[in-house]
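J.: Coordinates only, no sequence provided:
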């Protein structure tokens, strides 16, 4: 029997008319997409103005300028001189040539000064900030969006690359687009095709990021709307990861087929170069012009997963205050507690099996400097293992689980697969340098926090203030990096 009274329609109309509110407590503008796009646009121009101001002020960073002048600027000018018959068989960069070809084209169009090219290249750093701000603000409102996006912009490696001619930020911009779009609830063949086109461009800029294909596959597989919130109820009918396994496999295969051109492009470069990098960066006897030794990036780095987890312990740990309300019910569950213990054990094991002590050539910067300082004081186990990395890797694995616990199964799958794929790609090259990993890990934790399932409508200033400590940490490390030139 229909028991709705005469006031039920009025109540429903009032509820429909009431503005939906963001988790920050602020009213949501009528168009979510327009709101996020507008905020991202403001963020882009604000970040670009900051970067241009820093460039024009003459601030310098010797290590990044060294990379610019001896490698990337040389590649740009060589391509510009060869234009339009450019040879990409060997050139002074370990990356695929997309970034250098773009700037070489601009060079030949009249933007031939190094300053002009640097001002243009700064747009990639501003775009990274705008993209992460847009994704996060659309989910959590402008205040929390800024708290989550600012650490990415203030990251020393994003800033350094943003002030000089390096291809890093162009690649991270494309990674941010692909990862955020893969997390979206609307997954269609048209979206997978667009993301696959972005993947081709990304591989053309930096071949290492072929791992991003995994985010597209996971997003396609998980495109069904899974409403289950926590690990303990993912088995419910219609809400579990296996509810539409067959359909997910079919979607994943379709998306996988669409990403084949990116793998074909990578394969073409491998055949052209005889390896994963241009020849100058594969053989120790190959020196760049001016007797500058090219960095040999061949080999593997088995300590990289533990190092990434160590960084995630810091970045994710500082953002956990924003997750506390969502985490409390999860932490009461025995299954979640056991999962955390297992994750910590796996993280520690990843730090114990391979050598995790400091090594000058393949391990440079940031946390590795802390490891080196600890070793000077005798904090090393059997001349093989750093207790700093063991402790942080164990904590980092637990932090990753905590962040994923708060997301819906679809979000867990996309973020989890993406992180594993990124770790695998980072392990498959010899250099475990923090600058290769930090921007991605900061974007990852920002999206993990923004896409949590919690949907409270109260403004919670203490957690926001606590989480802002990550932005302050990035600002402090950037100031120290520019002051020290490292």
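T.: In hand now; what should we look at? Computed from a predicted model, the values in this text were never measured in an experiment. Numbering: from 1, shown residues only.

J.: Now do the contacts for residue 112.
T.: If you count contacts by CB atoms under 8 Å, 6 or more residues apart in numbering, residue 112 has them with residue 80. Every residue, glycine included, has its C-beta placed from N, CA and C.

J.: Neighbours of residue 250, how many?
T.: By other CB atoms under 10 Å, 13 other residues sit near residue 250.

J.: Same question for it, what's its three-state structure.
T.: helix (DSSP: H, G, I helix; E, B strand; the rest coil).

J.: Report the contact partners of it.
T.: Per CB under 8 Å, 6+ apart, neighbours of residue 250: none.

J.: now it: how far from residue 262?
T.: 21 Å (CB to CB, to the nearest Å).

J.: cool, residue 154 as well?
T.: From residue 154 to residue 262 the distance is 31 Å (CB to CB).

J.: Same check on residue 354?
T.: 30 Å.

J.: Between those two, tell me which one has more neighbours.
T.: More crowded of residue 354 and residue 262, by other CB under 10 Å: residue 262, with 24 against 18.

J.: hang on, the more buried one packs against residue 213?
T.: Yes: contact criterion CB atoms under 8 Å: residue 262 and residue 213 qualify, at 6.3 Å.

J.: any idea of the mean pLDDT in stretch 178-193?
T.: The average pLDDT within stretch 178-193 is 92.

J.: Run the chain-centre distance for it.
T.: The chain centre lies 17 Å from the centre of stretch 178-193; the measure is CA atoms, centre = their mean, to the nearest Å.

J.: Could I get the buried residue list for that stretch?
T.: By neighbour count with 16 or more other CB atoms under 10 Å, stretch 178-193 contains the buried residues 178, 179, 180, 181, 182, 183, 184, 187, 191, 192.

J.: that older thread, common neighbours of residue 262 and residue 213, please.
T.: What both residue 262 and residue 213 touch, as defined by CB under 8 Å, 6+ apart, is the set residue 199.

J.: Point out where the stretch 101-250 of the chain drops to low pLDDT.
T.: 224-243 (pLDDT under 70).

J.: What are the boundaries of the strands in it?
T.: For the stretch 101-250 of the chain, no strands are identified by DSSP state E, counting those that start in this stretch.

J.: Please, where are all the helices along it?
T.: 114-140, 142-154, 156-163, 168-182, 189-205, 213-221, 245-258 (DSSP state H, counting those that start in this stretch).

J.: Any buried residues in the first one, and which?
T.: To tie it back to what came earlier, the one meant is helix 114-140. Applying 16+ other CB under 10 Å to helix 114-140 flags 114, 117-119, 121-140 as buried.

J.: can you give me the offset of that helix from its chain's centre?
T.: The mean C-alpha position of helix 114-140 is separated from the chain mean by 13 Å, CA atoms, centre = their mean.

J.: What is it packed up against?
T.: With contacts defined as 3 or more CB pairs under 8 Å, 6 or more residues apart in numbering; DSSP states H and E, helix 114-140 has these neighbours: helix 32-57, helix 73-82, helix 98-108, helix 142-154, helix 156-163, helix 168-182, helix 438-450.

J.: Could you provide these in JSON lines, with additional columns for distance to residue 377?
T.: Below are the helices and strands packed on helix 114-140 laid out as JSON lines (distance: least, CB to CB, whole Å):
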{"stretch": "helix 32-57", "distance to residue 377": "36"}
{"stretch": "helix 73-82", "distance to residue 377": "40"}
{"stretch": "helix 98-108", "distance to residue 377": "41"}
{"stretch": "helix 142-154", "distance to residue 377": "29"}
{"stretch": "helix 156-163", "distance to residue 377": "25"}
{"stretch": "helix 168-182", "distance to residue 377": "33"}
{"stretch": "helix 438-450", "distance to residue 377": "25"}
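
J.: Tell me which stretches of the stretch 251-400 of the chain form helices.
T.: Using DSSP H, counting those that start in this stretch, helices in the stretch 251-400 of the chain cover 260-273, 304-319, 324-331, 334-352, 367-376, 387-405.

J.: The shortest one vs helix 438-450, what angle?
T.: With axes from the mean of the first three to the mean of the last three CA atoms, to 10 degrees as the basis, helix 324-331 and helix 438-450 are set at 80 degrees to each other.

J.: so helix 324-331 versus helix 334-352, what angle?
T.: Going by the same axes, to 10 degrees, helix 324-331 makes 100 degrees with helix 334-352.

J.: buried residues in helix 324-331?
T.: Burial within helix 324-331, assessed by neighbour count using 16+ other CB under 10 Å, is assigned to 324, 326, 327, 330.

J.: Show me what that helix packs onto, helices and strands only.
T.: helix 387-405.

J.: distance between the helix it packs on and the chain's centre?
T.: 18 Å.

J.: C-terminal to it, what's the next element?
T.: Past helix 387-405, further along toward the C-terminus, the next helix or strand under DSSP states H and E is helix 409-427.

J.: Return the closest of the buried residues of stretch 178-193 with respect to residue 36.
T.: Nearest to residue 36 among the buried residues of stretch 178-193 is residue 180, at 10.5 Å by CB to CB.
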